[in-house]
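> generate coordinates for the sequence data below:
(2 chains)
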Amino acid sequence: MGAGITTLDCASHTTREINAWLKEHSRAASLGEVLSVVLLNPDSRHNIGVGLVKPLKITIEGPVGYYCAGLCDGVEVEIKGGAGWGLAENLMGGRVVLHGSAGSSAGATMRGGLVVVHGDAGARCAAAMKGGTLVITGDVGVMTGFMMQKGALIIGGNAGEALGDSLYEGKIYLRGEADSLGADAQIVPLNARDTDFLASTFMEAGLDFQPEEFQKVESARRLYNFDTKEKEIWKQAL
Amino acid sequence: MALPQSVGTPTLEKLRGLSSGRIQSVQSESGGFDAPVSVLEASNSLDDLALIRLLEASFPGATVSSLGDKMSVYKAVGLISELAPQIEKMTGTHGIAHLRLATESRIDPAHAQPFWGRPFHDIAVTHNGHITNYHRLRTRFEARGFSFASHNDSEIIGVFLGDLMENGATLFEALDEAKFVLDGSFSFIVATHDSLGVTRDPLATKPLLYVEDDNGVTLGSEPRALYHACGPDIKIREIKPRETKTWALA
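All right, here's what the predicted structure looks like:
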C-alpha cells in the first residue's frame, strides 16, 4: 500500500462499523485533507459507503452488494468487482468507477457527479435521474432511463426494451441498438454541444469511444407538455 | 408432512397402512420441528389427491409437503444456521432453497417454500414476488378437486405448472404459459426430477441472477450468494424480464 493510505478488512467488521469508519476518515476533509482508504474483502455486502458527504477517496477491493456509494457527495469511489442493485443511487456529486457489471437501477435518481461502469448494467439504470452523468460501457437492461428528468446517460453497448420511457429532459447517448424505444422517446441527431460533451466525458472517464459512434435519444415532449384537446396522444402512449 | 407440535408423529407403519403400501419410506426432519416427509414410490393407480386428503384427514393439522419418486422437501421455521446439519445429509443432482420474508399468511413450515406443486410428482417452486390473481386461479383448481397446503400465493405456481406438464407440456412450454397467465410480480425457480426452470414477469422487479459454468448452473437473488457458491471469478447474468430458461440433467 502507498504512503498515507489506510486499510480496513471488512471481514472483521459489521457494515455499520465500516461506514462509521469511512465517515470518520471523511471528516479529515474539513481540515483540508482528502484521505485515501482501501476496503478489503467487501464480500458483496450491501450499503457500503453510503451517505458520505465530505470528500474521501475509497478503493474497494472486490464486489459490492446493493446501494454502494449511494447518497454520497464529493467522494471518489473505485470498486474492483461487480455491484448489485442501486450503485451510486442518489449520488449528489463525486465520482464512482466500477470495474465490473452492475445490477439494476445503477445511478437511479442521481443528482450530480460521474459514474462509470466498465461492464453491463441491469434494468432501469438512470431511472428518475436528475443530474450528473452515468456511463455504462456495455449493455443495459429494460426500461433504462425511465423518467430521466435531467442528466446524461451514455451506453457503450445495446439497450433492452423501452429505452428512455417517459423521458423528461434527460439525454441518452446510445452506441449500439435498442430493442425498442420507450413511450415518447425519439432518436435525434447529435449537435455540437452533444459532441463536445461526449468528447470531454470520454476523456475524463478514460474511454476509447468516439462521439460520432453514438445516437441520441431524447423526449418528444408530448407526454409532459400536452393539451387536453390532444387526448389521443396520451391514449397511444399509455 | 408438517405437523404442529401438539400432533403426534405418524409412524411408517401407519402411513403404509393408510396409503395401501405406497409410502415406502419416511424422511425425518429436525430443526425444532418434528416433520417427517414421505417419499412415495408410485406403484399403483391410487389417486394422489385422494391420498393427500386421506393423510391430512388422518392427522389433523398436518399437511403433505411432497410426493414423488426423486424429490424431498425440507421446511422449517428458524435460523439459517440451524439448516446446516440437515443440508449436509442431503444428496442429489440439483436443488432449490428459499428464505422467506413473510409479507402475508402464517409463519409455519406449511407456508414456507419451496412449495410442492401438489399433487404432481417431483415438482417444487421457490418464488419471489406476489401472484395477484392467486385467488382466482386457486378457485378454479379447487373446483377440480385440488387441495392446497397453505394460503400463500406462491403455492399456486407449482400446481399450475404441474397441471400443464401432466397434460403434455414440456417444462419450457409450461413456464412460457405461466408468465402470461400469472399476474403480479414474480421471479421463480421450478425444480423437477431432472430439470430446473425460471421465468420473470415483464417488469422484473424481483431479482434473479445466475452463473453458468463447467459445474452447471447456479441461481440466486443476490451476487453475494453466487460468489460464495461459485468463487470470485464468475460472470453473473440476470434473467431478463419475460425470459424463460430451462436446464436439464445431461
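
> give me the low-pLDDT residue ranges for chain B?
B:1-12, B:16, B:20-46 (pLDDT under 70).

> what about whichever residue of it sits closest to chain A, how many residues nearby?
With Cβ to the nearest Cβ as the measure, B:Arg224 is the residue of chain B nearest to chain A, at 3.5 Å. Where C-beta positions appear, they are placed from N, C-alpha and C, glycine not excepted. Neighbour count for B:Arg224, taken as other Cβ atoms under 10 Å in any protein chain shown: 19.

> from B:Asp233, how far off is the residue lying closest to it once chain neighbours are set aside?
Nearest non-adjacent residue to B:Arg224, counting by Cβ to Cβ, 6 or more residues apart in numbering or on different chains: A:Ser44, 3.5 Å away. From A:Ser44 across to B:Asp233, the span is 14 Å (Cβ to Cβ, to the nearest Å).

> so these two - more neighbours on which side?
It is A:Ser44, of A:Ser44 and B:Asp233, that has more neighbours when counted by other Cβ under 10 Å, with 24 against 7.

> tell me the contacts of the more buried one?
Shown in contact with A:Ser44 (Cβ atoms under 8 Å, 6 or more residues apart in numbering or on different chains): A:Gly62, A:Pro63, A:Val64, A:Gly65, A:Gly82, A:Gly84, B:Glu222, B:Pro223, B:Arg224, B:Tyr227.

> mind listing the strands for chain A?
Along chain A, the stretches classed as strands by DSSP state E are A:5-9, A:36-40, A:57-61, A:73-79, A:93-98, A:114-117, A:130-136, A:150-155, A:171-174, A:185-188, A:215-219.

> dump these into JSON lines; add mean neighbour count and mean pLDDT as well.
As requested, the strands of chain A are exported to JSON lines (neighbours: other Cβ atoms under 10 Å in any protein chain shown; pLDDT from 0 to 100):
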{"stretch": "strand A:5-9", "mean neighbour count": "13", "mean pLDDT": "93"}
{"stretch": "strand A:36-40", "mean neighbour count": "19", "mean pLDDT": "97"}
{"stretch": "strand A:57-61", "mean neighbour count": "21", "mean pLDDT": "97"}
{"stretch": "strand A:73-79", "mean neighbour count": "22", "mean pLDDT": "97"}
{"stretch": "strand A:93-98", "mean neighbour count": "24", "mean pLDDT": "98"}
{"stretch": "strand A:114-117", "mean neighbour count": "25", "mean pLDDT": "98"}
{"stretch": "strand A:130-136", "mean neighbour count": "24", "mean pLDDT": "98"}
{"stretch": "strand A:150-155", "mean neighbour count": "24", "mean pLDDT": "98"}
{"stretch": "strand A:171-174", "mean neighbour count": "26", "mean pLDDT": "98"}
{"stretch": "strand A:185-188", "mean neighbour count": "16", "mean pLDDT": "96"}
{"stretch": "strand A:215-219", "mean neighbour count": "21", "mean pLDDT": "97"}
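
> contact residues of chain B facing chain A?
Residues of chain B found near chain A (Cβ under 8 Å from any Cβ of the partner chain) are B:203-204, B:207, B:209, B:222-224, B:227, B:232, B:236, B:238, B:240-241.

> from the residues you listed, which two are the most distant?
Using Cβ to Cβ, the residues of chain B next to chain A reach their maximum pairwise distance at B:Leu203 and B:Pro232, which is 31.1 Å.

> now, the contacts of A:Ser44 that are in helices?
B:Pro223, B:Arg224, B:Tyr227 (DSSP state H).

> got the residues you listed as JSON lines, with distance to A:Glu17 columns?
Listed next are those as JSON lines, based on distance: Cβ to Cβ, whole Å:
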{"residue": "B:Pro223", "distance to A:Glu17": "22"}
{"residue": "B:Arg224", "distance to A:Glu17": "18"}
{"residue": "B:Tyr227", "distance to A:Glu17": "21"}
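
> still on that earlier bit, distance to A:Ile18 for the contacts of A:Ser44 - can I get that in TSV?
Converted to TSV, those look like this (distance: Cβ to Cβ, whole Å):
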residue	distance to A:Ile18
A:Gly62	13
A:Pro63	15
A:Val64	11
A:Gly65	12
A:Gly82	18
A:Gly84	16
B:Glu222	18
B:Pro223	18
B:Arg224	15
B:Tyr227	18
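
> report the two of those residues separated the most.
Greatest spatial distance among these (Cβ to Cβ): A:Gly62 and B:Glu222, at 14.6 Å.

> so in chain A, which helix runs the longest?
Per DSSP H, chain A has its longest helix at helix A:192-205.

> export that one to PDB, keeping only CA atoms.
Listed next in PDB are the C-alpha coordinates belonging to helix A:192-205 (Å, rounded to 0.1, in the frame of the first residue of the first chain):
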ATOM      1  CA  ALA A 192     -22.200  20.400 -31.400                       C
ATOM      2  CA  ARG A 193     -22.900  20.600 -27.700                       C
ATOM      3  CA  ASP A 194     -23.600  16.900 -27.600                       C
ATOM      4  CA  THR A 195     -20.300  16.100 -29.400                       C
ATOM      5  CA  ASP A 196     -18.300  18.300 -27.100                       C
ATOM      6  CA  PHE A 197     -20.000  16.800 -24.000                       C
ATOM      7  CA  LEU A 198     -19.300  13.300 -25.200                       C
ATOM      8  CA  ALA A 199     -15.700  14.000 -26.100                       C
ATOM      9  CA  SER A 200     -14.900  15.600 -22.700                       C
ATOM     10  CA  THR A 201     -16.700  12.800 -20.800                       C
ATOM     11  CA  PHE A 202     -14.800  10.100 -22.700                       C
ATOM     12  CA  MET A 203     -11.500  11.900 -21.900                       C
ATOM     13  CA  GLU A 204     -12.400  12.300 -18.200                       C
ATOM     14  CA  ALA A 205     -13.500   8.600 -17.900                       C
END
